[in-house]
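sequence first, then the predicted structure:
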Amino acid sequence: MKVTYPHMGHMWICIKAMLEYLDMDVVIPPPSSKKTLQLGMKHGPEFACMPLKLNLGNLMEAAEMGADTVVMAGGCGPCRFGYYAQVEHAILRDLGYQYRLVVLEPPQKHIGELIGKIRHITNNRSLYKVIKGIRLGYLKASAVDEMEKKAFYCRPRELVAGETDRLLRKALAEVIAAETPEEMPAAREKAMEIMRGVQVGSHEPVARVGLVGEIFTLLEPFANMEIERKLGALGVEVDRSIHLSQWVNDHLFLGLAKNEHSSKLAKERGLAYLGHMVGGHGLETVGSTMIYAKQDYDGVIQLLPFTCMPEIVAQSILPRVSADHNIPVMTLIVDEMSGEAGMVTRLEAFVDLLARKRDVGEVTA
């Protein structure tokens, strides 16, 4: 059995660690690219969102590398992600790919449901080893989040262009190299020490922008055209409303793990405008915008793939949230036709707007 899974940012680091700890043969697809998207566009439904098309392309490329089993997360509620695994599997089967599909659905009552499914796909490894494997994957997700947050801080302040991204790659390599949960504390500290090596200048304040929206578009650099790096180059410190370890904890662990990035507060705040769950991360998008306003962020950018239903609902209410909480909000919708030049132009205009708003506020004060 050769197991693969679609890309979503650095999620591959965590899943690879868990499965290899459980003695599985893992096939990692090439990073998402134009070729990946073209494969998904050719064979996927025209009006499906970009995540489905990229996932489909990932799995087709992995099949060429010998993968025969797909592991994907499931879902529930209004978001169409809940049945994408089955849709992708049906398309691949029609194309002649002989994949075995394993869907890790969110546990309904107890995390034991998740552990049981993982034991099943790993030839009934011992419960103790499965739990340790899951813990290893989660520790790596948490470490990746920490390195990325440090990079968010350093990019707009770095004295040597590109140094943050260069050292981030080195730091992540340390996290990847750890093979057991016991090795993770030392690997995490070494990785953070590498990130502390970024030379930064703190003599000038920088704009702060919160990124909210659909999780795949937020986490996958190819889908969002590396918006975090682009904003960093424009002198903006970003923060992401959704982090990998938070999603794993909320989606698969039933919120049992202690996580500083819990989505509970954002959901509670979002209810003030939406009143109930709208699927996906729509509720968190609204609530996180309110939180960023309270934390005196300069602005918020919502990211979503074209046709994403929960985020369209959130988008419709964000102008009111923006007015009520005095925080500029811009929405960026991406699909296979999105161009990098157009995004850069909009980001530059938004950053200029934030700078002007800040200067006017200082004059008024």
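Received, thanks.

so where do the strands sit in the stretch 101-250 of the chain?
Under the criterion DSSP state E, counting those that start in this stretch, strands of the stretch 101-250 of the chain are mapped to 207-213, 236-240.

just so I know, which of those lies nearest Gln315?
Across those, Gln315 has its closest neighbour in strand 207-213 (9.0 Å, CB to CB). For every residue, glycine as well, the C-beta is placed using N, CA and C.

helices or strands up against the closest one?
On a contact count with 3 or more CB pairs under 8 Å, 6 or more residues apart in numbering; DSSP states H and E, strand 207-213 meets helix 227-233, strand 236-240, helix 282-294, strand 299-305, helix 340-364.

low pLDDT regions in the stretch 251-365 of the chain?
251-262, 361-365 (pLDDT under 70).

switch the cut-off to 50
Within the stretch 251-365 of the chain, the ranges that satisfy pLDDT under 50 run 363-365.

now Glu340, nearest residue through space, not along the chain?
Nearest non-adjacent residue to Glu340, counting by CB to CB, 6 or more residues apart in numbering: Met225, 5.2 Å away.

state the distance from the one you found to Lys34.
Distance of Met225 to Lys34, given as CB to CB, to the nearest Å: 12 Å.

same question for Ala48.
Distance, Ala48 to Lys34, by CB to CB: 18 Å.

do Ile121 as well
Taking CB to CB, one finds Ile121 at 32 Å from Lys34.

so which of those two has more stuff around it?
Legend: neighbour count by other CB atoms under 10 Å for Ile121 and Lys34, higher for Ile121 (18 against 10).

contact partners for the spatially most central residue of the chain?
The chain has Leu219 as the residue nearest its centroid, 2.5 Å off, counting by CA atoms, centre = their mean. Residues in contact with Leu219 (CB atoms under 8 Å, 6 or more residues apart in numbering) are 8-11, 240, 242, 244.

do Leu354 as well
207, 209, 298-299, 328.

can you classify Tyr41 as helix, strand or coil?
For the record, residue 41 is Met, not Tyr. Classification of Met41 using DSSP: H, G, I helix; E, B strand; the rest coil returns helix.

domain ranges for the chain?
Listed by automatic domain parsing, the domain ranges of the chain are 2-125, 141-203, 206-365.

got a markdown table for those domains, with distance to Ile131 too?
Formatted as a markdown table, the domains of the chain follow (distance: least, CB to CB, whole Å):
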| stretch | distance to Ile131 |
| --- | --- |
| domain 2-125 | 7 |
| domain 141-203 | 10 |
| domain 206-365 | 12 |
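
looking at the ones you listed, which is closest to Ile134?
Closest approach to Ile134 among the domains of the chain (CB to CB): domain 2-125, 6.1 Å.

endpoints of the closest one, how far apart?
Distance between the two ends of domain 2-125: 16 Å, counting by CA to CA, to the nearest Å.

circling back: so which of the contacts of Leu219 are in helices?
11, 244 (DSSP state H).

same list (the contacts of Leu219) but as JSON lines, adding distance to Leu347, neighbour count and pLDDT.
Converted to JSON lines, those look like this (distance: CB to CB, whole Å; neighbours: other CB atoms under 10 Å; pLDDT from 0 to 100):
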{"residue": "Met8", "distance to Leu347": "22", "neighbour count": "23", "pLDDT": "94"}
{"residue": "Gly9", "distance to Leu347": "20", "neighbour count": "22", "pLDDT": "94"}
{"residue": "His10", "distance to Leu347": "23", "neighbour count": "21", "pLDDT": "95"}
{"residue": "Met11", "distance to Leu347": "25", "neighbour count": "22", "pLDDT": "93"}
{"residue": "Arg240", "distance to Leu347": "16", "neighbour count": "23", "pLDDT": "95"}
{"residue": "Ile242", "distance to Leu347": "20", "neighbour count": "22", "pLDDT": "91"}
{"residue": "Leu244", "distance to Leu347": "24", "neighbour count": "25", "pLDDT": "89"}
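
now, which of the contacts of Leu219 sits nearest Asn58?
Distance to Asn58 across the contacts of Leu219 (CB to CB) is lowest for Met8, with 9.5 Å.

which ones are touching the closest one?
215-216, 219-220 are the contacts of Met8 under CB under 8 Å, 6+ apart.

one more pass at 7 Å, please.
By CB atoms under 7 Å, 6 or more residues apart in numbering, Met8 lies in contact with 216, 219-220.

please apply the same query to Glu214.
280-281, 303-305, 308, 311.
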